[in-house]
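[1] sequence and predicted structure, then a few things I'm wondering about:
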Amino acid sequence: MPGLEETKNFDFFEDEFLAEVDKWLTADIKCCSECLDDFISKWPIVIDRLSKAFSQDIHSFYELSRMNLLYTKSEYLENLYRISCPRCSCPIDNSFWAFEFEFSVYDEIEFEFEILKQQIRETPYMALKNELALKVYEILEYISTKTNFIKLDFPLFRGRIIEKEEYSNSDFLAPPPNSTNEGRYNHLGIPVIYCADTKNTCFTELRKPEQNLYIAKFEIKKELKLLDLNSVGDFLEWDKDNLLNAIVLSSIMSSKTNDDSKYKPEYYFTRFISDCCKSLNYDGIIYPSVQTGEGKNYILFDTKLLDEKMIEEISKYR
């Protein structure tokens, strides 16, 4: 009837919202502010490590996307209840995170990872009984046949907290077996060389000590066979499902630990990876720092790869 305002149809609000997310961010919504903590507990380094991981609040999204051309602000806010988070099913009424994994059906992989984590916590030495762990070993076994020896043409850094007045190069060598604690990639009593790509990575890996941090700089002259877990995307030819990438990003390998606890189940699967690499004649592993979003860590299995004469300088951090 003349004089009556036309009723607006909001049936396509969800489609238009998600189309704008895909068009503007070239990504899908993975979690929201309600389930972010749970997501990070399962995928602890994803947001820091993925170059196209976007955090977006609903107000900024309205202003910067085409939603402001399609709806008034009040219409937009009133209809946000139509948009549910794909992870927790809660209405997205605050913020959301959008990005793309380089592997499919991540929710199914996440479920399989949780089963693996539970099994390896209960029987860590029976990891190969798990189909997923066995598949990881088979992928590593095949990759090992294609991995070339390389020379690191850059220095590495190894940090130590030293409280005594005098120190020497020997303080930066691997500890003896009876003084070797379990680490992310080594068993109790099995010494290795942990080092990093920068001084700052050493600083963050040692939990940002306020004082007495000394860092040794050295170079490895020998060519090495290394598994680079920072570049697992290069393995797609042999890892079609990009399983290694998923595992590196997940809590199976990249969870932070409770430094005050002797119980560190977060290390069980990483030590399984380490054992696999040793059996496949790798010299070590390059892996992403879980303490900082950019750093790389190195573990060298043969402690003889670092001796006192190789240390070029020792400096006090800051």
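    Cool, the structure landed.
[2] all helices for the stretch 51-200 of the chain, in order.
    With helices called from DSSP state H, counting those that start in this stretch, the stretch 51-200 of the chain shows them at 58-64, 67-70, 73-78, 106-122, 131-144, 199-205.
[3] can you map out the strands along the protein?
    Assigned strands in the chain, in chain order: 28-32, 54-57, 95-99, 156-161, 193-196, 213-218, 226-228, 284-288, 296-300, 311-316 (criterion: DSSP state E).
[4] and Phe235, how many neighbours?
    Neighbour count for Phe235, taken as other Cβ atoms under 10 Å: 22. Every residue, glycine included, has its C-beta placed from N, CA and C.
[5] same question for the one 3 residues further on.
    With neighbours defined by other Cβ under 10 Å, the count for Trp238 comes to 15.
[6] so what's it up against?
    Ile139, Tyr142, Ile143, Lys146 (Cβ atoms under 8 Å, 6 or more residues apart in numbering).
[7] that one and Asp307, how far apart?
    Trp238 sits at a distance of 35 Å from Asp307 (criterion: Cβ to Cβ, to the nearest Å).
[8] output the contacting helices and strands for the one helix or strand in the chain whose mean pLDDT sits lowest.
    When each helix and strand of the chain is scored by mean pLDDT, DSSP states H and E, helix 46-49 comes last, with a mean of 88. Helices and strands touching helix 46-49, by 3 or more Cβ pairs under 8 Å, 6 or more residues apart in numbering; DSSP states H and E, are helix 36-42, strand 95-99.
[9] what lines up beside the last one in the sheet?
    Which is strand 95-99. Partners of strand 95-99 in the sheet, by DSSP bridges, are strand 28-32 (antiparallel), strand 54-57 (antiparallel).
[10] out of those strands, which one sits most buried?
    Most buried of these, by mean neighbour count (mean count of other Cβ atoms under 10 Å): strand 28-32, with a mean of 22.
[11] how far off centre is that strand?
    18 Å (Cα atoms, centre = their mean, to the nearest Å).
[12] okay, angle between that strand and helix 106-122 too, please.
    Orientation check (axes from the mean of the first three to the mean of the last three Cα atoms, to 10 degrees): strand 28-32 against helix 106-122 gives 50 degrees.
[13] so what touches strand 28-32?
    By Cβ under 8 Å, 6+ apart, the list of residues contacting strand 28-32 reads 18, 21-22, 38-39, 85-88, 90, 92, 94-101.
[14] how about a markdown table for the helices of the stretch 51-200 of the chain, with distance to Lys225, mean pLDDT and mean neighbour count added?
    Converted to a markdown table, the helices of the stretch 51-200 of the chain look like this (distance: least, Cβ to Cβ, whole Å; pLDDT from 0 to 100; neighbours: other Cβ atoms under 10 Å):
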| stretch | distance to Lys225 | mean pLDDT | mean neighbour count |
| --- | --- | --- | --- |
| helix 58-64 | 47 | 96 | 15 |
| helix 67-70 | 52 | 96 | 14 |
| helix 73-78 | 56 | 97 | 13 |
| helix 106-122 | 26 | 91 | 15 |
| helix 131-144 | 8 | 95 | 16 |
| helix 199-205 | 22 | 96 | 20 |
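[15] dump these into TSV; add distance to Leu213 as well.
    Putting those into TSV (distance: least, Cβ to Cβ, whole Å) gives the following:
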stretch	distance to Leu213
helix 58-64	39
helix 67-70	49
helix 73-78	50
helix 106-122	33
helix 131-144	34
helix 199-205	6
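[16] perfect, that will be all.
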